[in-house]
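Trainee: Sharing a model prediction with you, sequence too.
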Amino acid sequence: MRFWDILGHSIQSLDYGVLLPAMAKTPLFIGERLAKIRGTFNFFLDYDWRSVAVGHRFVRSGTYQAMNLLSPGSGRLSNMVATLHRFIHYSREEWEACLLSGKYIQTIFRQSTFEGLDKLLDYQKYGRGIVLLTCHFDSFVMGIILLGMAGLRVNAVSSSVVEDPRVHASVQKFYYDKYRNMEKFMNRGKVVHFEKDLRFFYSALEKGEAVVILADVPAASKKTEVIVPFLGDTRRMAPGAWRIAKKTDSVLGAFVCLHDKPGEYRVLCYLAGDQRSSDPAVEMTPIYKFLDQQIRLHPERWWASELLLQYESA
């Protein structure tokens, strides 16, 4: 193993095994300030666990290119500042994951607000499944937790990519602990890798539960795609959410969770209506419009924005 690989793995062990858990034990305003400092260092080092895993630093340059596309008239300095804030928001999101094992979650729930939640609870009350789309945006994991604490039985689709052998053991443990701690607040819901048990989500929806799926994943091939307007172009996106909703007669919706200040969040929920169409674009277009609007308001909070470079135009 090369020296830089050894150094990177040592940093990850310290970062994910010691630093983040320690930050989560401090008062919220201090922990958030420390997360900002950590994110600033990560920006200058172009440090991200995925970059370490593949041996190639791609996040900072990919994010900067995405900011240029999302805000073409903003100028070089402005887009670089937005790229810096992407690292800061992602650092905060990782710190928030460590809060799930601590004492602050009830306080956060009391201080947070919801819009559109009543409609989701009504559908669940009458046994109707709900497929909720969101993005790698702002505090979406905290949003899942808060929805569960508010009474929605919510399940989340994860991926076994975090168990890739190239991913350092400290990062794998971080994600394992994150998912298990999330489940404590999801009203008996689960976080499950779709590669291992896709049938679990069909069963959950058939029982009238909610399933959260990430919508900012590009289509794997042209044979499996939904074509929708999204972020300035007509994009080829993955159609899995529409497919699973159609097969289980579930309603489609979306949500984002916005961080306002230490310990305070807003969960914005959106339902596309109870349409039934053989064309996935009919039902998915308004959902992507909702997510598009949120990302455009805060592009620096889309901490997977380098994905924009992978999207194919229709």
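Mentor: That came through fine.
Trainee: What are the contacting residues of the helix or strand containing A22?
Mentor: According to DSSP states H and E, A22 maps onto helix 20-23. With C-beta atoms under 8 Å, 6 or more residues apart in numbering as the test, helix 20-23 has contacts from 31, 34-35, 38, 94-95, 97-98, 101, 174. For the C-beta atoms, the positions are set from N, CA and C on the backbone; glycine is no exception.
Trainee: Buried ones among these?
Mentor: Buried by 16 or more other C-beta atoms under 10 Å: 31, 34-35, 38, 94-95, 97-98, 174, out of the contacts of helix 20-23.
Trainee: any idea how far A304 is from G127?
Mentor: The gap separating A304 from G127 is 33 Å, by C-beta to C-beta, to the nearest Å.
Trainee: same deal with L121?
Mentor: In terms of C-beta to C-beta, L121 sits 12 Å off from G127.
Trainee: And these two? Which one has more around it.
Mentor: Using other C-beta atoms under 10 Å, the more surrounded residue of L121 and G127 is L121, with 16 against 10.
Trainee: ok, and the closest non-adjacent residue to the more buried one?
Mentor: G151 (5.8 Å; C-beta to C-beta, 6 or more residues apart in numbering).
Trainee: cool, I145 as well?
Mentor: Per C-beta to C-beta, 6+ apart, closest to I145 is F185, 4.5 Å.
Trainee: What's the local residue count around the one you found?
Mentor: 19.
Trainee: Distance-wise, check it relative to G232.
Mentor: As judged by C-beta to C-beta, F185 and G232 stand 36 Å apart.
Trainee: next one: D279
Mentor: 22 Å.
Trainee: Which parts of the stretch 151-300 of the chain are strands?
Mentor: 154-158, 191-193, 210-214, 226-230, 233-237, 251-261, 264-271 (DSSP state E, counting those that start in this stretch).
Trainee: for this structure, what are the low-confidence residue spans?
Mentor: 1-8, 221-224, 275 (pLDDT under 70).
Trainee: biggest helix in it by residues?
Mentor: With secondary structure taken from DSSP state H, the chain has its longest helix at helix 76-99.
Trainee: Contacts only, for the residue nearest to P299 when sequence neighbours are not counted.
Mentor: Closest residue to P299 apart from its sequence neighbours, by C-beta to C-beta, 6+ apart: L70 at 4.5 Å. For L70, the contacting residues are 231-232, 295-296, 299, 305, 308, by C-beta under 8 Å, 6+ apart.
Trainee: which of the residues you listed count as buried?
Mentor: Listed as buried from the contacts of L70 are 231, 295, 299, 305, 308; burial here means 16+ other C-beta under 10 Å.
Trainee: From those, pick the one nearest L117.
Mentor: For those, the minimum distance to L117 (C-beta to C-beta) is 21.3 Å, reached by I295.
Trainee: Distance of that closest one relative to E209?
Mentor: I295 is 27 Å from E209, by C-beta to C-beta.
Trainee: cool, P229 as well?
Mentor: 30 Å.
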